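Colleague: Just need the structure, nothing else, for what follows:
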Amino acid sequence: MPFAILVTNAHGRIVLANAGVESLFGYRQDELIGASVDALVPGLQGDPDPTRRADTVDAPRARAIGATRDLFARRKDGTEFPAEITANRASSDGDPLTLTVIIDRTERYELQRNRQELAHLTRVSTLGELASSLAHELNQPLTAILSNAQAAQRFMATQPINLAEVREILRDLVEDNHRASEVLRRIRALVKKGELEAAPLSLARVIGDVVLLVHSDAIVRGIRVLLNIDAGLPPVQGDSVQVQQVVLNLLLNAFHATESRSAHDREILVDAALDGAGMVRVSVRDRGPGLAADKLDKLFKPFYTSKRDGLGLGLSISRTIVEMHGGRIWAENNTGQGATFHFTLPIAAETELLHSGQRP
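Modeller: Residues are numbered from 1 along each chain as shown. Down below sits the predicted model:
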């Protein structure tokens, strides 16, 4: 694993560099002595845009000491690469120094980016599965908007104009527009790429959004989705789109497990409650045929699927997302019938995302 070690003075000037800087950055060691560490890691000492710095080049600046940061480092030829930076205080003859270790994380970055791209493609594929029901969900408010607009035209053509009726129609138009916008918002949130947004999340809101997204699909399949979310459940820390992806995947798997059952058994329970110290557990319980005992340890492996046309990626990606958030995911058969998939997430005050980067 390529790495470089630098020692800088209080002004961020390099006073010592190991041989690793040559292979990692392309500089000779003597070229770097006296240079600013920002030449290798732009922004390491503060704002990467020098035009927005209040201090001078040689003025001492605050640094993140003792913490590990993920930044982009710059080689001599101008190319950049993802790096893990760790800085620690040191001293020599009473002079403050900083010891910085720079590790090339290109392979890890590429692996993470590929996983995120795969997760994004899986979300798009999942929404494709819901295309007809989503079209129906969107068509309802659009049809109502057209119908109300035509009714408003008729009222406006009569004399005297019944303003009370027109106001009522306008209220309906606004409500139907909000319904259509909400469907589009949920679809757009799952499809888009962007920065990871680690923030306190209301699981009631996250789960509710997913249930609304699959509402029409559940009706078509004759499936009842019941929610049991503890009142006062604390927020969890995470990316809402990725957590929604996990819930959506587990719900659709439960749909597939129960759609061929009798009407009485086409019921799914989504439960969210505290689970031990600092954790919240989400459970999706179905009344399907259950899981083969010898398959339980394979469920979360890539490309394993029990569906005829499945890719076998949904549960694998769900595991990656949950573990990235500091939780775990597992499945078990119910005592009576069916199976339950569980995953846990840390309460917001307890954790941050383990890795930063682009949202898939």
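
Colleague: Any regions of the stretch 1-150 of the chain where pLDDT drops low?
Modeller: Applying pLDDT under 70 to the stretch 1-150 of the chain picks out residues 1-2, 45-67, 111-137, 139-140.

Colleague: Would you mind measuring from residue 248 to residue 298?
Modeller: Residue 248 sits 22 Å away from residue 298, taking Cβ to Cβ, to the nearest Å as the criterion. Yep, even glycine has a C-beta here, placed from its N, CA and C like the rest.

Colleague: When the two are compared, which one has more neighbours?
Modeller: residue 248 (24 against 13; other Cβ atoms under 10 Å).

Colleague: Identify the residues contacting residue 28.
Modeller: Neighbour list for residue 28: residue 22 [criterion: Cβ atoms under 8 Å, 6 or more residues apart in numbering].

Colleague: quick one: it from residue 44, how far?
Modeller: 21 Å.

Colleague: ok, residue 299 - how many residues close by?
Modeller: Applying other Cβ under 10 Å, I find that residue 299 has 21 neighbouring residues.

Colleague: Assess the claim that residue 338 and residue 267 are in contact.
Modeller: No - using Cβ atoms under 8 Å, residue 338 is not in contact with residue 267, being 9.2 Å away.

Colleague: Please identify every residue contacting each of these two.
Modeller: Common contacts of residue 338 and residue 267, defined by Cβ under 8 Å, 6+ apart, comprise 258, 286, 287.

Colleague: Just give me the longest helix of the protein.
Modeller: For the chain, the helix with the greatest residue count under DSSP state H is helix 163-191.

Colleague: average pLDDT across that one?
Modeller: Across helix 163-191, the average pLDDT comes to 75.

Colleague: Work out the gap between stretch 234-244 and the centre of the chain.
Modeller: 7 Å (Cα atoms, centre = their mean, to the nearest Å).

Colleague: The spatially most central residue of the chain: helix or strand, and which one exactly?
Modeller: Nearest to the mean C-alpha position of the chain, by Cα atoms, centre = their mean, lies residue 242 at 3.2 Å. Following DSSP states H and E, one finds residue 242 within helix 240-258.

Colleague: Which strand residues bridge residue 344?
Modeller: For residue 344, the beta-bridge partners under DSSP bridges are residue 281.

Colleague: give the contact list for it.
Modeller: Per Cβ under 8 Å, 6+ apart, neighbours of residue 344: 275, 279, 280, 281, 282, 322, 327, 328, 329.

Colleague: Tell me the pLDDT of it.
Modeller: Per-residue confidence (pLDDT) for residue 344: 94.

Colleague: cool, and the one 5 residues further on?
Modeller: According to the per-residue confidence, residue 349 scores 73 in pLDDT.

Colleague: likewise the one 3 residues further on?
Modeller: In this model, residue 352 is scored at 48, pLDDT.

Colleague: ditto for residue 201
Modeller: For residue 201, pLDDT reads 90.

Colleague: Would you confirm that it contacts residue 242?
Modeller: No - in this structure, residue 201 is not within contact of residue 242 by Cβ under 8 Å, at 10.1 Å.

Colleague: how about the nearest residue to the residue nearest to the centre of the chain, chain neighbours excluded?
Modeller: Excluding its sequence neighbours, the residue lying closest to residue 242 (Cβ to Cβ, 6 or more residues apart in numbering) is residue 321, at 4.7 Å.

Colleague: Surely the one you found is within a helix?
Modeller: Yes - per DSSP: H, G, I helix; E, B strand; the rest coil, residue 321 lies within a helix segment.

Colleague: list the contacts for it?
Modeller: Contacts of residue 321 were listed using Cβ under 8 Å, 6+ apart, and they are 119, 242, 243, 245, 246.
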